[in-house]
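Colleague: Generate a structure from the sequence data that follows.
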Amino acid sequence: MSESGLPRGRITRRQFLAAATAAGTGLALARTPPGHAAQEAAPGAVAGSLLGYIDPFVGVDNEGQTVPGAQVPFGFASISPDTTDPGEKYTTTGYDSEGEVLGFSQTHVSGTGGRSKYGNFRMTPLVGELTVEEQRYQKGEEEASPGYYSVTLEDNGLGVELTATRLCGLHRYTFPAASADASEAHVILEATSVIEVDDRAMPTPVSFMQRPTSSEVSVVEPDRVEGSASFEGGWAPGPYTLYFHAQFDRPFDRAGTWAGEEIGEEPSAEGGEDETIGAYATFDLEEEAETVVQTRIGVSFTSVEKARENLETEIPDFDFDVTRSEAEAAWEEVLSTLQVEGGTEEERSIFYTGLYRMHFMPHDLTGENVWWDSEAPHYEEFYAIWDTFRTVHPLLTLIQPERQSGMVQSLVETYENTGWMPDSRIAGNNGLTQGGSNGDVLVADAIAKGLEGIDYETAYEALVKNAEEEPEDPLLEGRGGVSDLEELGYVSLDYERSGTRTVEYAYNDYCIALVAEALGLTEDYEKYLERSKSWENLWDAETQSIRPRYPDGSYLEDFDRTHNYPDDEYGVFDAPFYKGNGYQYSTFVPHDVQSLINRLGGDEEFVAWLDELFDEGIHTQNNEPDILAPYLYIHAGRPDKTAERVRDILSGDYSTGRTGLPGNDDSGTMSSWYVWSAMGLYPNAGQPYYYIGSPLFIRASIDLGDGQSFTVEAPETSEDNKYVLSATLDGEVLDRAWLRHEEIARGGDLVLEMGDSPSDWGQDDRPPSVSSPEGDASA
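Modeller: Numbers count the residues shown, from 1 in each chain. Now for the predicted structure:
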């Protein structure tokens, strides 16, 4: 037996759970027991405000698709500049560094690929002649920090500042003094604005162009404008309606509405399909001084009355500095859940900016649920659970368990009221399903780690429906190819994305098995555990890869495991693999890495197989299928290899600056990969254990709440000292390169001795796996 009380060597999942339960650390559905109290920061630790480490411009370019504007954690209001898309580039979120400013809309998603969403109720300030023609401003000096954005528009010297609350925004415009050419200032509000990327975006099976379908706007008081608009299209193509109420800090000198290019003095306007309408407010400029105009705007899915109520509640006056300070305080609170010491200034900036980014989505729409009657916390903009289940949600489980619980329960309620637990959900509509039904993983992760406040019985119903029933439209919900899986044991090439689906369904089924076991459903556990082996039915020994098959059992001809899809023959959604290749997807067997090792011939062969993945440039950090791959070496007793690969990725794929992300941030997925790895930990999402990697910081502390903390200390870590030589957990020797969830969640101290060359640490006590090594007596 190991010091953990678990069997030495490679262990099966059954052995892992049995030993863990015997030690009193099994799958208890409760918060962690008392442990170590939170410790004070050591000298030299990050002290005072953490906001200075955040660079909101990281990832706005290089298709990172982040936005630099003002937002609070999980806030729906995301006030940010919308720009043109220069050249062949495209932005799904509305901002490009080289683009010209069109205006400042109130709603955005962040770090998302595929297709755009939102960009509603754009406000554009201008001076001089009143016009509703599209304005294109050159950006001057820009500044951004959590909860704040500012820019000077070079064309006219106009200054713009933005801050936000959960459902509202506050704009402050500083207009230049009046001149012979410009004696008036205007604010144009477009009720029908959206962000659209036309044909440059990811090709999708049907057109998802965002567009307005109906709208109305009214000047309702001498200083107030309100309205609504309905839209369709975007990543979740179904219709949605948004309402707004805006107030200015002074009466209008003139105001009216507009439609198309026609400007009128009428107090109201209405629009139909694809018609643009809005309102304008005009103010006389001061003769010899700048004129400052502020506007506060509330948004709602419910009504203009609710938008006004949100505004009066969240921004009751025009004190910009107070609103900004409150936003900063909200960010300080979430950033302080992780405290690090050591590392370089750049590493700390990337780390905290990553932590910042993973708190953008999903959006907290509690009180705004118009889709069914519920007073429970409600979240939308699960843009792609396919991405976020891997890194974002496991970290929230540790540092914001109440939030994570609310998010999972929100998905459970979605199932109760719509019939499905989708893989993507935006503005009350299901988005695109990329691979499996990965809400399954979120539920498994939650139940394995004891999150409370979730109706697990109903959640289990949703998971079983995903696994057993063919949906009417598998692009938007459920699983396509369920009948194939039942009859053939794999999803055949008769279905799109068959390789991806088979691999991901296998892990989804494993997650269902885990939930079934926690609920005491033994027969279901055995059934879905067996189904979790379905990926093996696509394993091709000749190519050492997952290889799609036809219904008759024959393999896809002329197969190259390194060939990336989409290609000239296949689009993104109809290819055998979704945005990747067979080699990459072959690494995604999180529940049964030992079976993969067995099929490759053993530890050495597996390590060589992984080495080729990295050394030949086949692994990519800019997409999700193989972002777990650097940690798989630990299953073969080679944590030193994990250290090397992780350090290479941390230094080579991430940086400060506008191109600092390896690709789409995918709602914080890539950012939180860095956060995890820089601390020296990484989750196997859906399962109650974490890998130990190679920390960048000499100390990283996780605030678990209730006065508890878990700390990773690596005093000798450096660029050269990347290898773990030995470890202790709460003063006891730790011989394995992984931790059980309970060992973190109860609070404690992991101390790692680091060196510049590998040792034999972590070679024998392997992470759990469904299979045992070939030839092992327990197989």
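
Colleague: where are the low-confidence patches of this structure?
Modeller: 1-48, 86-90, 197-207, 775-779 (pLDDT under 70).

Colleague: let's see 50
Modeller: For the chain, the stretches with pLDDT under 50 are 1-47, 776-779.

Colleague: tell me the domain boundaries of it?
Modeller: 1-50+336-357+624-779, 52-331 (automatic domain parsing).

Colleague: Output the host helix or strand of Glu161 as PDB, nothing but the C-alphas.
Modeller: Secondary-structure assignment from DSSP states H and E places Glu161 in strand 158-164. Presented in PDB, the C-alpha positions along strand 158-164 are these (Å, rounded to 0.1, in the frame of the first residue of the first chain):
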ATOM      1  CA  LEU A 158     -13.400  62.900 -28.000                       C
ATOM      2  CA  GLY A 159     -12.800  60.900 -24.800                       C
ATOM      3  CA  VAL A 160     -14.800  57.900 -23.900                       C
ATOM      4  CA  GLU A 161     -14.900  56.100 -20.500                       C
ATOM      5  CA  LEU A 162     -16.900  53.000 -19.700                       C
ATOM      6  CA  THR A 163     -17.800  51.100 -16.500                       C
ATOM      7  CA  ALA A 164     -20.400  48.500 -15.700                       C
END
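
Colleague: so what does that strand touch, helix or strand wise?
Modeller: Under the contact criterion of 3 or more CB pairs under 8 Å, 6 or more residues apart in numbering; DSSP states H and E, strand 158-164 touches strand 77-83, strand 122-127, strand 148-153, strand 168-175, helix 320-335. No exception for glycine: its C-beta is placed from N, CA and C like everyone else's.

Colleague: neighbouring strands for it, and are they parallel or not?
Modeller: Note on strand 158-164: by DSSP bridges, its sheet partners are strand 148-153 (antiparallel), strand 168-175 (antiparallel).

Colleague: re the thing from before, dump the domains of the chain to a markdown table, plus mean neighbour count and distance to Val572.
Modeller: Formatted as a markdown table, the domains of the chain follow (neighbours: other CB atoms under 10 Å; distance: least, CB to CB, whole Å):
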| stretch | mean neighbour count | distance to Val572 |
| --- | --- | --- |
| domain 1-50+336-357+624-779 | 20 | 13 |
| domain 52-331 | 20 | 6 |
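
Colleague: Turn the ones you listed into CSV, including distance to Ala448.
Modeller: Below are the domains of the chain laid out as CSV (distance: least, CB to CB, whole Å):
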stretch, distance to Ala448
domain 1-50+336-357+624-779, 4
domain 52-331, 24
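
Colleague: nearest to Gly582, of those domains?
Modeller: Comparing the domains of the chain against Gly582 with CB to CB, the closest turns out to be domain 1-50+336-357+624-779 (10.1 Å).

Colleague: ok, so what distance separates Pro68 from Pro695?
Modeller: From Pro68 across to Pro695, the span is 29 Å (CB to CB, to the nearest Å).

Colleague: I meant to write Gly707 there.
Modeller: Distance, Gly707 to Pro695, using CB to CB: 24 Å.

Colleague: tell me the centre residue of the chain?
Modeller: Nearest residue to the geometric centre of the chain (CA atoms, centre = their mean): Ser667, 2.6 Å.

Colleague: quick revisit: please identify which of the strands paired with strand 158-164 is closest to Gly256.
Modeller: Between Gly256 and the strands paired with strand 158-164, the tightest spacing by CB to CB is seen for strand 168-175, at 18.9 Å.

Colleague: May I have the closest one as CSV, with CA atoms only?
Modeller: The C-alpha atoms that make up strand 168-175 are tabulated as CSV, following Å, rounded to 0.1, in the frame of the first residue of the first chain:
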residue,chain,number,x,y,z
CYS,A,168,-26.1,48.1,-16.6
GLY,A,169,-23.4,50.3,-18.0
LEU,A,170,-22.2,53.9,-17.4
HIS,A,171,-20.7,55.9,-20.2
ARG,A,172,-18.8,59.1,-19.8
TYR,A,173,-18.1,61.2,-22.9
THR,A,174,-15.8,64.2,-22.8
PHE,A,175,-16.4,66.4,-25.8
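
Colleague: That strand: how far from the chain's middle?
Modeller: A distance of 28 Å separates the centroid of the chain from that of strand 168-175, by CA atoms, centre = their mean, to the nearest Å.

Colleague: Can I get the very next helix or strand once past it as PDB, trimmed to CA atoms?
Modeller: As assigned by DSSP H and E, the chain's next helix or strand after strand 168-175 is strand 184-190. What follows is strand 184-190, C-alpha atoms only, in PDB (Å, rounded to 0.1, in the frame of the first residue of the first chain):
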ATOM      1  CA  GLU A 184     -23.100  70.500 -31.000                       C
ATOM      2  CA  ALA A 185     -22.400  67.000 -29.600                       C
ATOM      3  CA  HIS A 186     -24.600  64.000 -30.300                       C
ATOM      4  CA  VAL A 187     -25.000  60.500 -28.900                       C
ATOM      5  CA  ILE A 188     -26.500  58.000 -31.400                       C
ATOM      6  CA  LEU A 189     -28.100  55.000 -29.900                       C
ATOM      7  CA  GLU A 190     -28.700  52.100 -32.400                       C
END
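
Colleague: Strand 184-190 pairs with which strands?
Modeller: strand 122-127 (antiparallel), strand 277-284 (antiparallel).

Colleague: Can you check what angle separates the strand holding Glu161 from strand 77-83?
Modeller: 150 degrees (axes from the mean of the first three to the mean of the last three CA atoms, to 10 degrees).

Colleague: Run the chain-centre distance for strand 158-164.
Modeller: Relative to the centre of its chain, strand 158-164 is centred 26 Å away, using CA atoms, centre = their mean.

Colleague: Same question for stretch 422-434.
Modeller: 14 Å.

Colleague: Span of that stretch from start to end?
Modeller: Chord length of stretch 422-434, first to last residue, is 11 Å (CA to CA, to the nearest Å).

Colleague: re the thing from before, okay if I get the strands paired with strand 184-190 as CSV plus distance to Asp509?
Modeller: Output for the strands paired with strand 184-190, formatted as CSV (distance: least, CB to CB, whole Å):
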stretch, distance to Asp509
strand 122-127, 45
strand 277-284, 50
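
Colleague: Specify the stretch among those that is closest to Phe559.
Modeller: Checking these against Phe559 by CB to CB gives strand 122-127 as the closest, at 48.1 Å.

Colleague: Beta-bridge partners for Asp703, please?
Modeller: Ser709.

Colleague: all helices of the stretch 651-779 of the chain, in order?
Modeller: 669-679, 741-745 (DSSP state H, counting those that start in this stretch).

Colleague: Adding distance to Lys579, write those helices out as a markdown table.
Modeller: Below are the helices of the stretch 651-779 of the chain laid out as a markdown table (distance: least, CB to CB, whole Å):
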| stretch | distance to Lys579 |
| --- | --- |
| helix 669-679 | 13 |
| helix 741-745 | 30 |
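
Colleague: of these, which approaches Gly755 most closely?
Modeller: Closest among the helices of the stretch 651-779 of the chain, using CB to CB: helix 669-679, at 19.0 Å.

Colleague: what about the closest one, distance to the chain center?
Modeller: Offset of helix 669-679 from its chain centre (CA atoms, centre = their mean): 12 Å.

Colleague: what's that helix packed up against?
Modeller: strand 338-341, helix 345-357, helix 392-399, helix 639-652, strand 699-705.

Colleague: Relative to Ala281, which of those is closest?
Modeller: helix 345-357 (33.3 Å).

Colleague: Strands along the stretch 201-350 of the chain, start to end?
Modeller: Ranges of strands within the stretch 201-350 of the chain are 211-221, 224-232, 240-248, 254-259, 262-263, 268-271, 277-284, 291-300, 338-341, based on DSSP state E, counting those that start in this stretch.

Colleague: Would you convert the ones you listed into CSV that also reports distance to Ile546?
Modeller: Below are those laid out as CSV (distance: least, CB to CB, whole Å):
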stretch, distance to Ile546
strand 211-221, 39
strand 224-232, 37
strand 240-248, 38
strand 254-259, 55
strand 262-263, 58
strand 268-271, 50
strand 277-284, 52
strand 291-300, 45
strand 338-341, 36
